[in-house]
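[1] here is my input; please provide its structure:
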Amino acid sequence: MTRPAALPASDRPGLLAKLMAAVRPEFRADELVFDAADPVFGGQVCRVKGCGRTSRGHGLCQGHRNRWAKQGRPDLETFVATTGPRWRKHAPLMCCLASGCGRGVARQGMCTRHAAAWESAGQPPREPWLAGVPATSTPPGQPICMIGACRLWSERGIAFCRGHGNTWKANGYPEPEAFAAGYADNDPVPGHERIHLHDLPAQLKLEIQYALQCRWDERTVKAQPMVVMQVVRFLTDCPESSLLDRPEDQWRTRIGRPAPKDSNRRALLIYARRKLEDLADADGGWEIEYGRDVWRMHNLGFQGRATLRFDRIPQPWLKEPAKRWVRWRISTGLCLDAGRRAVRAIERFAIFLGAPAVDVDRLAEVNRPLLERYLADLHAEMAGSHRHGSDIGLLNSFFTAIRQHGWDDTLPPTAMLFPEDMPKRAERPPRALAEHVMAQVEHPDNLERWSNPAYRLITLILIRCGLRISDALRLDRDCITLDADGAPYLRYFNHKMKREALVPIDEQLHELIGRQHKQIQERWPDGTPWLFPRPTKNLDGQAPTSSSTYRMALYRWLERCDVQDEHGQSVHFTPHQWRHTLGTRMINRDVPQEVVRRILDHDSAEMTGHYARLHDTTVRRHWEQARKVNITGQAVTLDPSGPLAEAAWAKQRLGRVTQALPNGYCGLPVQKTCPHANACLTCPMFVTTPEFMPQHQQHREQIVQIISAAEARGQTRLAEMNQQVLTNLDNIITGLQTDDDRDDEGPEAADAG
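    Below is the predicted model of the structure:
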C-alpha cells in the first residue's frame, strides 16, 4: 500500500523515547493476539462446548453465530447443546453419495462424474438411481487431500479435493504446504479477532500500541479488535506520522460519519490522542498548562477530563491576570467549580469591555465610572439570578488580588466594588419536599420498583442521612463504624468541607449496606474500593457510580412510580432536596439546631438555618404555645381548637409579613388602616411574646433617657408622650416576666395549685 506524502511529525521533545520506555514487550508486536476471555479485547467464550472462541453475539462466536443464522435461528439452547465445536475449516467436506466414491460434491450431492451420469440418464429419482450404480473402487495410488481434517480424494493435477482446491485457487494458488498449514492451525483466535499493525509508520505504530496498552491497563471499556482495525486502516491512509500532528477537533471530524453515528472508532481515536498527549506532557504540570488557553485539569491533579477555558477572554492584558488569579485560587484548595465560576465572571466582564460602546483596551481604563456602567449592564441582564451577586463579588476579589499580589500596577485605585453594590438577595423559598411527595417516595411498594438494589440503597441513604449526592456515591466499601454500644454510623468524606464525617444510621440501613457488600463481592471478587461501583464500563470495579448515572435512574424511577404533587402534576426534583427535607423534618420535630448542624456537617448555624427552614405548622405550634401579652401586660389567648383558630392564625401570618415589627407583631386585620403608625407601643392591637424581651428592655432604657433629657430641657409635651410608652413597656415586661416565673416554679408548683 502506498501512503500519501507525510506531514511534519509532531516535534514534542522526547516523545519517542517516552513511548519506547512505556510500551511493554507484549504490546510491541506487529500482530496483537488476545485470549478469547480477555477482559478488554476479548469477551465471553462461545457457549458451544469445546469451541473456545470469543462470543460476539447471542453468546456465540462469529462462526457458530453464522451457522445458527443459516439454520433459521432455531432455539438457541437446543443449538448450543447439539451443534459441533469444530470450526468451519476443520469440518469435513461432503463426500459424493455414490457408493465407494471418495470425491467431493459438485452438485446434487454427487461428484462431477456421477452428477453428469445422472443427468444423462434423464435425472431420475436420485436415491433409486444411486442404488443401481455400481460401487466405485479406489484407484491405485489415489492421493488424499493435503488438508489434515479432510479425507476426500484429491482432484487430478492438484493436491486438494474439489472444495479445498477451489479455495486454494481463489487465494491465488499459494504454496500447497503453506495453504494446508493454515487449515492445520488450531489457534482459537481467527483473523478478524487479531490486531494487525504492519502497515503503520514506526512512531504511529508505537502510539497505537501505547493507547491499547493503556486501555488494557485501565480495564474500564472493552475494545473489540474489529473496531481497533477500523482505526488502524483509517490511520494507514492518512499522511500523518503522529496523532499529535493534528488537534483533537480535526481528528474528530475526519474519521467516520458525523458524530454520534460512528462513536466507537472515533472514541478510540480521541482516547489514543489524549493518552499520547498526557504522556508527552507528563512532566510538565503547571509549566505546560499555564501557557495554554485551555487548561487540562487532570494534568494538575484533578479527576476526570475537566478543563478550564480562557480562550473566551480575548484581551491578553485581562487574560494574564485572570490566569494568575485562578491558579492562585486553586492553589489555596478551592474546588474546580470555584475555578469555573471565577473564569465565567471574568469572561462576562471581558465581553462587556469588548463591546463597541465601551471599547476598553487596557487595565488602566478600568475605573469606578466604568464599573458603575458594568453594574447597570449586569443588572439589566442578570437581575434576580443567583449569579448576579456572585459575579460582582468575584470581580471585586479579582481586583483585590491584582493589588494584593502586585500583578499589574496600572489598575486604578478607584476600580473597586462596595457592599452597597451587591444586589439585595431575596430569601429563597424552602427546597424541602412536601410530606405528600415524601409519602409516595418512601412507600415500600415504590421503593421495590427500583430495578437496581444499589440505587434503592443510595436513595435511602440520601433520604435518611442527608448526604450530598457526590459524597453518597463515593462511600468507601467499608463505611460502617460501630461505637462502644454497637450502634452503627455511616462514615463518609465531606468533599465540600474536605473532612471526614459520621452520621448515625438505623439497623435497616446497616443491614442493607451488608447486602450491598455481598453483591459487589460476587461481581468483583478481587475487591473494589467503593460501596457503589459503576455498574458498566468498570471491569475492575475501580470507578464509582457517577452522579449523572444515578440521576437518570432516579428520573426513570419517579416516572414508573408516577409520583405527583398535591395538584396531580408529575414531580421533578433533585437528589439534593432530600438533604433540605431531612433538615426541615428534624427542625419540625424540635431537634435542636446544633444537633441538626452536626448531622448535616455544616460549618455554621446560619447554613443549617438555610437548609432546614421551619414549616408553617411548626411556627404556628410555637405561636400557640407561647405566652402573648398586649400593651397593658394582659395575656392574649388563642384557642387552637376554636372555630376561629385557622382565621386567627392566617391573620397572624399576614401580620408578620405586612407589619413586621422589631419587638412583636401587629394584631390589626390587614384590611384596616393603622391609626398608630410608628407608635405600636401605644397601639391596642399590638401583641408580643417572651422572645422579644431583650428588645423591650433595651427600648425601656432608651425611653427613660429620652424622658430625663426632655424634663431637663423643660419639654413637658415630649416627656408626657413618652411616659405612656414607658408605662406600657413596664406592663409588657412585667407580664412576660410573670410567665417566666411560672415556668421556673416547675410542675410541682402547678400540681400544688
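[2] please name the nearest non-neighbouring residue to Val358.
    Using CB to CB, 6 or more residues apart in numbering and skipping the chain neighbours, the partner closest in space to Val358 is Phe352 (6.2 Å). All C-beta atoms are positioned from the backbone trio N, CA, C, and that covers glycine.
[3] okay, now that neighbour: neighbour count?
    Residues near Phe352, counting by other CB atoms under 10 Å, number 16.
[4] ok, now the one 10 residues further on?
    In terms of burial, Arg362 registers 12 neighbours under the definition other CB under 10 Å.
[5] surely it and Trp317 touch.
    Yes. The pair Arg362 and Trp317 qualifies as a contact (CB atoms under 8 Å) at a distance of 5.8 Å.
[6] hang on, the earlier thing: in three-state terms, label the residue nearest to Val358 for me.
    helix (DSSP: H, G, I helix; E, B strand; the rest coil).
[7] isn't it up against Ala376?
    No. Using CB under 8 Å, Phe352 makes no contact with Ala376, being 10.5 Å away.
[8] the nearest residue to His164 once chain neighbours are set aside: what secondary structure?
    Counting by CB to CB, 6+ apart, His164 lies nearest to Ile147, which is 5.1 Å off, once chain neighbours are set aside. Recorded secondary structure, Ile147: coil (three-state DSSP).
[9] can you check the pLDDT for Ile147?
    Note for Ile147: predicted pLDDT of 87.
[10] just give the number of residues close to it.
    Ile147 has 28 nearby residues by other CB under 10 Å.
[11] go ahead and confirm it touches Ala159.
    No. Look at Ile147 against Ala159 with CB under 8 Å: they stay out of range, at 9.2 Å.
[12] next, show the common contact partners of these two.
    Ala180 (CB atoms under 8 Å, 6 or more residues apart in numbering).
[13] end-to-end on stretch 498-509?
    End-to-end distance of stretch 498-509: 25 Å, with CA to CA, to the nearest Å as the criterion.
[14] and that stretch, how far from the chain's centre?
    Here stretch 498-509 is found 22 Å from its chain centre; the criterion is CA atoms, centre = their mean, to the nearest Å.
[15] what comes up buried for it?
    501, 503, 505, 509 (16 or more other CB atoms under 10 Å).
[16] do stretch 102-111 as well
    For stretch 102-111, burial by neighbour count (16+ other CB under 10 Å) applies to 102-106, 109-111.
[17] just stretch 158-174 next, same as before
    By neighbour count on 16+ other CB under 10 Å, the buried set for stretch 158-174 is 158-165, 168.
[18] out of these, the closest to Gln123 would be?
    When these are compared for distance to Gln123 (CB to CB), Arg162 wins out at 21.1 Å.
[19] dump the residue contacts of the closest one.
    Taking CB under 8 Å, 6+ apart, we find Arg162 in contact with 103-106, 111-112, 152, 155.
[20] ok, Glu320 next?
    So Glu320 contacts Trp407 (CB under 8 Å, 6+ apart).
[21] and the helix or strand it falls within, what's its mean pLDDT?
    If you go by DSSP states H and E, Glu320 is part of helix 316-331. Helix 316-331 shows a mean pLDDT of 94.
[22] phi first, then psi, for Trp295.
    Main-chain torsions, Trp295, degrees, to the nearest 10: phi -80, psi 130.
[23] and for Gly163?
    phi -70, psi -50.
[24] and Thr581, how far from Asn588?
    Between Thr581 and Asn588 the distance, using CB to CB, to the nearest Å, works out to 10 Å.
[25] out of the two, which sits in the more crowded spot?
    Thr581 (25 against 18).
[26] was I right about that one contacting Ala432?
    Yes. Contact criterion CB under 8 Å: Thr581 and Ala432 qualify, at 4.3 Å.
[27] now for His388: which residues touch it?
    378-379, 382, 423.
[28] ok, which stretches of the protein are strands?
    31-32, 195-196, 294-296, 307-309, 480-482, 488-494, 499-504, 628-629, 635-636, 665-666, 686-687 (DSSP state E).
[29] lowest average pLDDT across the ones you listed?
    Going by mean pLDDT, the lowest-scoring of those is strand 665-666, which has a mean of 50.
[30] residues contacting the residue sitting furthest away from the middle of the chain?
    Within the chain, Pro134 marks the point farthest from the mean C-alpha position, 77.6 Å out by CA atoms, centre = their mean. Going by CB under 8 Å, 6+ apart, Pro134 touches Ser99.
[31] how about it, phi and psi?
    Torsion angles, degrees, to the nearest 10, at Pro134: phi -60, psi 150.
[32] what's the distance between it and Ser99?
    From Pro134 over to Ser99 (counting by CB to CB), the distance is 8 Å.
[33] and what of Gln250?
    According to CB to CB, Gln250 stands 69 Å off from Ser99.
[34] go on, Ala342?
    91 Å.
[35] any regions of the stretch 551-700 of the chain where pLDDT drops low?
    For the stretch 551-700 of the chain, the stretches with pLDDT under 70 are 606-686.
[36] actually the stretch 351-500 of the chain, sorry about that
    In the stretch 351-500 of the chain, residues with pLDDT under 70: 426-430.
[37] just the helices in it please.
    Counting by DSSP state H, counting those that start in this stretch, the stretch 351-500 of the chain has helices at residues 368-382, 386-405, 435-441, 444-447, 453-465, 469-473.
[38] for Thr688, which of these is the nearest?
    Comparison of those against Thr688 by CB to CB identifies helix 435-441 as nearest, at 31.7 Å.
[39] who are the packing partners of that closest one?
    helix 453-465 (3 or more CB pairs under 8 Å, 6 or more residues apart in numbering; DSSP states H and E).
[40] about what we covered before: more crowded one of Ala342 and Ser99?
    Ala342 (23 against 12).
[41] hang on, that one packs against Val326?
    Yes. Under the criterion of CB under 8 Å, Ala342 makes contact with Val326 at 5.4 Å.
[42] span of stretch 26-45 from start to end?
    First-to-last residue span, stretch 26-45, CA to CA: 22 Å.
[43] please disregard the earlier target; I meant stretch 239-256.
    17 Å.
[44] what does stretch 328-340 give?
    End-to-end distance for stretch 328-340, by CA to CA: 13 Å.
[45] buried residues of that stretch, list them for me.
    Neighbour-count burial for stretch 328-340, counted by 16+ other CB under 10 Å, picks out 329-330, 336, 339-340.
[46] just the residues you listed now: which is nearest Tyr550?
    Nearest to Tyr550 out of these is Leu336 (CB to CB; 20.0 Å).
[47] how much space between that closest one and Pro74?
    For Leu336, the distance to Pro74 - CB to CB - is 55 Å.
[48] do the same with Gly148
    Applying CB to CB, the value for Gly148 to Pro74 is 31 Å.
[49] please apply the same query to Thr716.
    Distance of Thr716 to Pro74, computed by CB to CB: 114 Å.
[50] do Arg151 as well
    29 Å.
[51] swap in Thr688?
    Distance, Thr688 to Pro74, using CB to CB: 87 Å.
[52] just Cys61 next, same as before
    Distance of Cys61 to Pro74, computed by CB to CB: 17 Å.
[53] which of the two has more residues huddled nearby?
    Higher neighbour count among Cys61 and Pro74: Cys61, with 26 against 11, using other CB under 10 Å.
[54] sounds good, over and out.
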